[in-house]
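A.B. asks: sharing a model prediction with you, sequence too.
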Amino acid sequence: MVVNGARSFLRLKAHRGQLKMFQQRTEPTVEPMLLTARQAAKVLSISERTLFSVTKSGELPAVRIGRSVRYSVDALREYIRRSSEEKCEDSQNRA
């Protein structure tokens, strides 16, 4: 139920071509540049413990912001690429 004051307001907005009553504003989606350890481990389908081991060994760089540890999406992609190349080389050497 629309109150008289609101009805006249809606008519005024509609008259000006500004009625967007049923449209939702959608903000552009911003992809995160850095992921938390939990998010990074989930993306890689490994445990957080394994993620920290890989980070400590230097295979995967991490970004420290204060006491927080974050992982770059690009670094994760590079790690996946390198890991898949190593596995391909290992399988070729065994054959």
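C.D. replies: Happy to help now that I have it. Numbers count the residues shown, from 1 in each chain.
A.B. asks: so what strands line up beside the longest strand anywhere in the chain?
C.D. replies: Across the chain, the longest stretch assigned as strand under DSSP state E is strand 68-72. When sheet partners are counted by DSSP bridges, strand 68-72 sits next to strand 34-36 (antiparallel), strand 63-65 (antiparallel).
A.B. asks: quick one: the last one to chain centroid distance?
C.D. replies: What that stands for is strand 63-65. 17 Å (CA atoms, centre = their mean, to the nearest Å).
A.B. asks: pLDDT on it, on average?
C.D. replies: For strand 63-65, mean pLDDT rounds to 95.
A.B. asks: give the buried residues for that strand.
C.D. replies: By 16 or more other CB atoms under 10 Å, strand 63-65 has no buried positions at all. All C-beta atoms are positioned from the backbone trio N, CA, C, and that covers glycine.
A.B. asks: what residues does that strand touch?
C.D. replies: Where contact means CB atoms under 8 Å, 6 or more residues apart in numbering, the residues beyond strand 63-65 that reach it are 34, 69-72.
A.B. asks: mind running it again at 6 Å?
C.D. replies: Residues outside strand 63-65 that contact it (CB atoms under 6 Å, 6 or more residues apart in numbering): Arg70.
A.B. asks: go on, the first one?
C.D. replies: Outside of strand 34-36, the residues within contact range by CB under 6 Å, 6+ apart are 70-71.
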